[in-house]
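> I would like the atomic coordinates for the input below:
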Amino acid sequence: MSDLQPEPLPESPALVTFMPSVLEAAALDGLGSGHVAALSELPALQQWVDAFQDLLADQPDVVPELLAAHRDNGVASVNQLDGLVRLGAVTIDGAFARLTPLGLRGLFSSGRWADPAYWLLDPGEWWIDLSIEDTVAFVAAAAQLRLVDQAWTVQAWFDQADPLEFAYQLAHATPLHGAQLNVAFYYLKRIGLEAAPAVEEWLVNPARAGLAALWFDLIGAPRPGIPTAEEQAYLRAEQVRSIDDVHQFLARLIAEPPEPSLPGTTIDELIYTLPPRLATANVGELLHSLLNVDLPERPGDRVELEHLLTEARAQLSA
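Alright, predicted model coming up:
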């Protein structure tokens, strides 16, 4: 395998990836078209990336051209691309070579840019056969504000989805913890009473029963039983973890402001990563004060938000 760790050229667009099942299917096609034997039990995507990296190791002078293709959405077709075309990493359109989504993943599959935190997720439209892995990817990206056009994308999924089927997909998504679990919870709350049969399945899981009881309380439906001490402890632990998740995420955003800056509608989505006790209009305003470049940060806002997060964490940990 290649040990190259390329980085995007200045003024390159954001890195955008697709759902795991979409990439896996594309990788299977690429392995077959590229005549690469799938001899291991590794997922097809990992085998594909290994094959792609091997090609780059043999043709390192192609890497600058691929980086330029990412920056400029295509470059004048260059030599030595036949293997990459067969593998499905590059397409040739007339005189121009362009990276496919799979090729983009392969190009930045090592080094700091392999970190999902640097990638946006374009989930496409909701579909009824959404896998657990795809649902987890969607929720995890939403928890870190990494969905393309996040507010619009999330609304589109709610518009497209069958409410009960979507609710079961969210309820069955695992592993989800902390901020990610809060996002799934709020999406289930957004679906409303139609999600009740899916949320009821959480009641038999001690790690989710407390959250299920909270869901029934917040939508105003009769609660099916009272959570045990163990179930309440699981709920508090997840809420503490979510506060820690958000605290770390905010610290990173403040230290490394995203480029381009986050739109206000995306910042609004961050409230869904917090426990319900913190999902208030005041906290929403504080988040905008810190993260919205179109608004001036008001004196004391950072200290106030830090105090609210710390106080809520202490109460949940008591």
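
> hang on, isn't A207 packed against Y234?
Yes: if you go by CB atoms under 8 Å, A207 and Y234 touch, sitting 4.7 Å apart. Using the backbone N, CA and C atoms, a C-beta is placed for each residue, glycine as well.

> tell me which element the spatially closest residue to A89 that is not a sequence neighbour is part of?
Nearest residue to A89 in three dimensions, chain neighbours excluded: G103, at 3.4 Å (CB to CB, 6 or more residues apart in numbering). Using DSSP states H and E, G103 maps to helix 101-107.

> elements contacting that helix?
Applying 3 or more CB pairs under 8 Å, 6 or more residues apart in numbering; DSSP states H and E, one finds that helix 101-107 contacts strand 15-18, helix 20-33, helix 44-58, helix 63-72.

> quick one: which of the ones you listed is nearest L211?
helix 20-33 (25.0 Å; CB to CB).

> So which bits of that closest one are buried?
Neighbour-count burial for helix 20-33, counted by 16 or more other CB atoms under 10 Å, picks out P20, S21, V22, L23, E24, A26, A27, L28, G30, L31.

> how many neighbours does the residue nearest to A89 have?
G103: 25 surrounding residues under other CB atoms under 10 Å.

> quick one: it from L45, how far?
G103 is 12 Å from L45, where distance means CB to CB, to the nearest Å.

> same thing with G220?
Distance from G220 to L45, by CB to CB: 44 Å.

> do the same with V85
19 Å.

> How about E297?
Counting by CB to CB, the gap from E297 to L45 is 41 Å.

> Those two: which has the busier surroundings?
L45 (22 against 15).

> surely the more buried one meets A27?
Yes: because the distance of 4.4 Å satisfies CB under 8 Å, L45 is recorded as touching A27.

> And for S261, the neighbour number?
For S261, using other CB under 10 Å, the count is 13.

> nearest residue to the residue nearest the centre of the chain other than its sequence neighbours?
By CA atoms, centre = their mean, the chain has its centre lying nearest to A141, at 1.4 Å. Closest residue in space to A141, ignoring its immediate chain neighbours: L121 at 3.9 Å, by CB to CB, 6+ apart.

> So in that sheet, which strands flank the helix or strand bottoming out on mean pLDDT in the chain, and in what orientation?
In the chain, the helix or strand scored least confidently by mean pLDDT, DSSP states H and E is strand 75-76, which has a mean of 80. Using DSSP bridges, strand 75-76 pairs in its sheet with strand 96-99 (antiparallel).

> got the buried residues for the lengthiest helix in the chain?
Longest helix in the chain, counting residues (DSSP state H): helix 229-255. Neighbour counts over helix 229-255 (16+ other CB under 10 Å) mark 231, 234-243, 245-246, 249-250, 253 as buried.

> Please name every helix or strand in contact with the helix or strand following it.
Downstream of helix 229-255, the next assigned helix or strand under DSSP H and E is helix 264-268. Under the contact definition 3+ CB pairs under 8 Å, 6+ apart, helix 264-268 sits against helix 150-160, helix 281-291.

> If I average pLDDT within each of the ones you listed, which one is lowest?
Sorting these by mean pLDDT places helix 281-291 lowest, at a mean of 94.

> Give me the contact list for it.
250, 253-254, 262, 264, 267-268, 270-271, 274, 295-298, 301-302, 304-305, 308 (CB atoms under 8 Å, 6 or more residues apart in numbering).
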